[in-house]
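S.K.: structure for the following, please:
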Amino acid sequence: MDHQVVRSTRHEEWNRRVRPLVGAYRTTTVAPEFWGEARAWRHGGMQLLSVRSSAGHTSWDPRFDSGPQRLQVGVHLSGVSRLLVDGRELTIGPGDVLATLSGSLSHLEYPGPIHHTVLEVPSAHDHEVRFGAAGRRYRLLRAGSGLVDAYAGLLRQLVDAAPRMTPAAARQALTSATGLAAAMLTLGDERGGDCPSGRRSADVTTLKDYIRTHLSDPDLSVAKIARAHHISPRYVQVLFAEQGESAAAWTRQQRVAAARRDLADPGLTHVPVARVGMRLGFRTASHFGQVFREATGQSPNAFRADQARAGAA
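M.R.: As a prediction, the model looks like this:
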């Protein structure tokens, strides 16, 4: 089985040397110092490609599209990317799987380092793939379903183990990966993955609006937020990580901010402190007091008293 490795710290050199592996894609770097590494294993028309790179933009350049159409089933192993696929904007994160026909992915933007692995097979295999809407040339499946996670895990293991595998074992592994990809794309649950980034239920603004309107729910959790938007808990975390936050921490911040507002409201002085906390999803007065003190340095009672004195002054 053929094995090729390309490494470079100059993106023009990178584009020239990696073209035989990635086809008609060109990279523009946005990082102060570019770096990239590509590894490819080929056998019988199949290719397993692993790409690690610093932040940048990658675009399809039809001038270099000279080969036959291929089916590409890739998994994002690390990093977050924004894509333009058949004119639709998508965001993918760790564990998400994207299947495309070559040329349908026209632009890829990644604000930080990424690691992406792609299994490529001749497009004759696409008769086994259910892309969904007629004429569509891609399929996005989110992390969190059994087949998607199994496929992502298999490709990760292949990339790690391929350098040590015998040619016969590597060929069998590629064949097995192709079969699993076909099963996943035929039977897999899309979990809301096809929604465009501007309108998808997994938009982080939509998630935050949902959290704000459900602060009173003591069972509000990442898993519950994910179920309400038909995505995986992992993808909720990815969307918040793009903002430099976590879903759980952001929810606590909103609850504390609402508690500060209610405790400072002269019209709510008749509401017991424990009741203020329960209205905001805290199960017990002690838990409310602990979270509030950690965030403000004061107990809820002390904060209310200080606000009352300030209002009377």
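S.K.: so residue 207 is in contact with residue 237, correct?
M.R.: No: in terms of Cβ atoms under 8 Å, residue 207 does not count as a neighbour of residue 237; the distance is 10.7 Å. Every C-beta, even on glycine, is put in place using the N, C-alpha and C of the backbone.
S.K.: what is the burial count for residue 177?
M.R.: Residue 177 sits with 20 neighbouring residues when counted by other Cβ atoms under 10 Å.
S.K.: which ones are touching it?
M.R.: By Cβ atoms under 8 Å, 6 or more residues apart in numbering, residue 177 lies in contact with 48, 119, 151, 154-155, 158.
S.K.: closest to residue 97 out of the residues you listed?
M.R.: Of all these, the one with the least separation from residue 97 (Cβ to Cβ) is residue 151, at 6.1 Å.
S.K.: which residues sit in contact with the closest one?
M.R.: The contact partners of residue 151, by Cβ under 8 Å, 6+ apart, come to 73, 75, 97, 177, 180-181, 184.
S.K.: quick one: name whatever helix or strand follows the longest helix along the chain.
M.R.: Ranked by residue count and defined by DSSP state H, the top helix of the chain is helix 167-187. Of the helices and strands lying after helix 167-187 in sequence (DSSP states H and E), the nearest is helix 204-212.
S.K.: go through the contacts of residue 151 and say which is closest to residue 271.
M.R.: Closest approach between these and residue 271, by Cβ to Cβ: residue 97, at 49.3 Å.
S.K.: tell me how far that closest one lies from residue 207.
M.R.: For residue 97, the distance to residue 207 under the criterion Cβ to Cβ, to the nearest Å works out to 22 Å.
S.K.: same question for residue 152.
M.R.: In this view, residue 152 and residue 207 are 23 Å apart by Cβ to Cβ.
S.K.: okay, residue 97 and residue 207: which has more neighbours?
M.R.: Set side by side, residue 97 and residue 207 give different neighbour counts by other Cβ under 10 Å, the larger being at residue 97 (26 against 22).
S.K.: next one: phi and psi at the more buried one?
M.R.: For residue 97, the backbone dihedrals (degrees, to the nearest 10) come out as phi -120, psi 130.
S.K.: ok, now which ones touch the spatially most central residue of the chain?
M.R.: The residue at the geometric middle of the chain, judged as the C-alpha nearest the mean C-alpha position with Cα atoms, centre = their mean, is residue 93 (1.9 Å). With contacts defined as Cβ under 8 Å, 6+ apart, residue 93 is in contact with 76, 79-80, 143, 234-235, 238-239, 241.
S.K.: if you set the cut-off to 6 Å instead, what comes out?
M.R.: 80, 238 (Cβ atoms under 6 Å, 6 or more residues apart in numbering).
S.K.: can you check the one 5 residues further on too?
M.R.: If you count contacts by Cβ under 6 Å, 6+ apart, residue 98 has them with 74, 140.
S.K.: what of residue 122?
M.R.: Applying Cβ under 6 Å, 6+ apart to residue 122 gives the contacts residue 45.
S.K.: bridging residues for it?
M.R.: For residue 122, the beta-bridge partners under DSSP bridges are residue 70.
S.K.: for residue 23, phi and psi?
M.R.: Taking degrees, to the nearest 10 as the convention, residue 23 sits at phi 80, psi -140.
S.K.: likewise residue 232?
M.R.: Residue torsions, per degrees, to the nearest 10, at residue 232 are phi -90, psi 150.
S.K.: what sits closest to it if chain neighbours are left out?
M.R.: Closest residue to residue 232 apart from its sequence neighbours, by Cβ to Cβ, 6 or more residues apart in numbering: residue 144 at 2.5 Å.
S.K.: do residue 306 as well
M.R.: For residue 306, the nearest residue in space outside its immediate sequence neighbours is residue 298; the separation is 7.2 Å by Cβ to Cβ, 6+ apart.
S.K.: neighbours around the one you found, how many?
M.R.: Neighbours around residue 298, by other Cβ under 10 Å: 16.
S.K.: what helix or strand is it located in?
M.R.: Here residue 298 is assigned to no helix or strand, by DSSP H and E.
S.K.: give me the low-pLDDT residue ranges for the stretch 201-313 of the chain?
M.R.: Across the stretch 201-313 of the chain, residues meeting the criterion (pLDDT under 70) sit at 201-203, 313.
S.K.: quick one: the helices in it?
M.R.: Taking DSSP state H, counting those that start in this stretch as the test, the helices found in the stretch 201-313 of the chain are 204-212, 222-228, 233-242, 247-264, 273-279, 285-296, 300-312.
S.K.: same deal with the stretch 1-150 of the chain?
M.R.: Across the stretch 1-150 of the chain, reading from the start of the chain, the helices by DSSP H, counting those that start in this stretch fall at 11-22, 146-161.
S.K.: rewinding a little: the residue nearest to residue 306 and residue 279: what is the separation?
M.R.: In terms of Cβ to Cβ, residue 298 sits 19 Å off from residue 279.
S.K.: how close does residue 267 sit to residue 311?
M.R.: Per Cβ to Cβ, residue 267 is found 11 Å from residue 311.
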